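J.: Model the structure of this input:
(one chain, ligands or ions: 1)
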Amino acid sequence: MNIIKVKNYEAMSKKALELVIHQLNMKKDSTLGLATGSTPVGLYQQLIVAHKNRYISFKDVKTFNLDEYIGLDRNHPESYFSFMNRHLFEHIDISEDNIHLPNNDINRLEEDVKAYNDLLSKNTIDLQILGIGTNGHIGFNEPGTPFEQETFIVDLDMKTREDNARFFDSIDSVPKQAITMGIKNIMKANHILLLASGANKAEAIKKMVDGPVDITHPASVLQLHPNCTVIVDEAAASQL
Ligand code: GLP
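T.: Next comes the predicted model:
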């Protein structure tokens, strides 16, 4: 793991921007794995600015998102489909055909899981952006998820639902399930870039970096990845 410590959220987003630009300069038709949550929003804002200033184009870029809630219509404002449109896709020159998120049609979930996993097996992600849950989850791979797990339907931990309740009217409105890439899918990426900011992530980062590689802390699997970069701000790095 290559750990880069920076001052704060803004510096984390800027450093991440440099790495994404480097990737796109090396390969303009890169395949990016994208994450949701508050952590990558600053990076997405910077990518939009870089695009508007004509430093980068997404014309030939393909994207695969990590996960999607089950039980929310795709057009619900808090679906990850809406989140990605709002925070990135509608501001850049990416082709709609190159954007991929798991479908979450309640009537055909098993087919949706299989279809997404098949797509992931046919595509290699060049650069996978990740956040981390306070319980150590990556994507929505909650503690206890086997490292061999591929795309699946996950029951969300109470802790995860509490953490994400800030986006909803109440905890009861937070979905109880999601479709997520599995740890095996994530680990296939050529380069993983995990971002973390804030004191509430310090313990999860400590266990990820220095703890045993164990399914009780899913992000610890990244110790086994040959090319993983972690950008942490001072608060998130405070226990390292
Ligand atoms: C969410 C997402 C993760 C994300 C994590 C942290 O539930 N499924 O991909 O990394 O939780 O979110 P945040 O960046 O808002 O702290």
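
J.: Buried residues of stretch 229-240, list them for me.
T.: Within stretch 229-240, the residues scored as buried using 16 or more other C-beta atoms under 10 Å are 229-237. (Each C-beta comes from the backbone N, C-alpha and C, glycine too.)

J.: My error: substitute stretch 146-155 in the last question.
T.: The neighbour-count check on stretch 146-155 (16+ other C-beta under 10 Å) flags 147, 149-154 as buried.

J.: what's the helix or strand of the chain with the lowest mean pLDDT in contact with?
T.: In the chain, the helix or strand scored least confidently by mean pLDDT, DSSP states H and E is helix 158-164, which has a mean of 94. Contact with helix 158-164 is made by 133-135, 137, 140, 142, 171, 174-176, as judged by C-beta atoms under 8 Å, 6 or more residues apart in numbering.

J.: switch to 6 Å and redo it
T.: 133-135, 174 (C-beta atoms under 6 Å, 6 or more residues apart in numbering).

J.: Report the entries of the residues you listed that also contact the ligand.
T.: Applying C-beta under 6 Å from any ligand atom, the subset of the contacts of helix 158-164 adjacent to the ligand comprises G133.

J.: before we move on, what SS does the nearest residue to G198 once chain neighbours are set aside have?
T.: Ranked by C-beta to C-beta, 6 or more residues apart in numbering and with sequence neighbours excluded, the top spatial neighbour of G198 is A235, at 5.2 Å. Under DSSP: H, G, I helix; E, B strand; the rest coil, A235 falls in the coil class.

J.: So for A235, what pLDDT did the model give?
T.: We have a pLDDT of 98 for A235.

J.: re earlier: any chance of the contacts of helix 158-164 in TSV, plus secondary structure and pLDDT?
T.: Converted to TSV, the contacts of helix 158-164 look like this (DSSP: H, G, I helix; E, B strand; the rest coil; pLDDT from 0 to 100):
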residue	secondary structure	pLDDT
G133	coil	96
T134	coil	96
N135	coil	96
V174	coil	96
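
J.: So which of the contacts of helix 158-164 is the closest to L194?
T.: L194 lies nearest to G133 out of these, by C-beta to C-beta, at 11.6 Å.
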